[in-house]
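Visitor: Let me see the structure of the following:
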Amino acid sequence: MLLAKAAVSLQCMKLTLHHINLSTDKVGEMDRFYRDVLGLQREDQGLPALEKGQGYAGDVAFVTDGAIQHHIAERDVLAGFKTGEIVNAVARGHIAYRTDDLDAFKAHLEAAGVPYSDWGHKAVAGWKQIFFYDPDGNVIEVHEVAEG
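Guide: From the prediction side, this is the model:
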């Protein structure tokens, strides 16, 4: 019943696939692979400004198929400890969605009984981010681009 009520609240906010994050110890090699083998292009537009001094300082390469970004991020199994957050978004990677109302989405998760880590602006300047787990332990990000 709780999940049914929570699903109804999703209708009032926009949620779209934004990027897939791959965590790796081989950022350069993975970047070349995705560009050379899969034909993805280096992403030069709409890139997030990384907040390297707030817990995650790894290298990140950005590639795209023209619609969806791939963030190829240096693995950091200690990023959760460094940021003080339970969910570590760069230990195994994650899938990310963009919303136009993060507060409403957080309320939706709370109504569904899904715990999340609120990273705020710790990783990306201008983005408010939360991370949570699906039932199999995969990390999901939902973020909103902050105004201003």
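Visitor: Show me which positions of the longest strand along the chain end up buried.
Guide: The longest strand of the chain (DSSP state E) is strand 15-24. For strand 15-24, a neighbour-count test (16 or more other C-beta atoms under 10 Å) marks 18-19, 21-24 as buried. From N, CA and C alone the C-beta is placed, and that goes for glycine too.
Visitor: Any chance of JSON lines for these, columns pLDDT and distance to residue 64?
Guide: Supplementary listing: the buried residues of strand 15-24 in JSON lines, determined by pLDDT from 0 to 100; distance: C-beta to C-beta, whole Å:
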{"residue": "18", "pLDDT": "90", "distance to residue 64": "11"}
{"residue": "19", "pLDDT": "91", "distance to residue 64": "9"}
{"residue": "21", "pLDDT": "91", "distance to residue 64": "13"}
{"residue": "22", "pLDDT": "92", "distance to residue 64": "13"}
{"residue": "23", "pLDDT": "92", "distance to residue 64": "18"}
{"residue": "24", "pLDDT": "94", "distance to residue 64": "17"}
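Visitor: now for those residues, which pair is the farthest apart?
Guide: Maximum pairwise distance among the buried residues of strand 15-24 (C-beta to C-beta): 19.4 Å, between 18 and 24.
Visitor: List the residues that contact residue 60.
Guide: Residue 60 sits next to 27, 50, 71-74 when contact means C-beta atoms under 8 Å, 6 or more residues apart in numbering.
Visitor: ditto for residue 65
Guide: With C-beta under 8 Å, 6+ apart, residue 65 has these contacts: 40-41.
Visitor: all helices of the protein, in order?
Guide: Using DSSP state H, the helices found in the chain span residues 2-9, 27-36, 79-83, 102-112.
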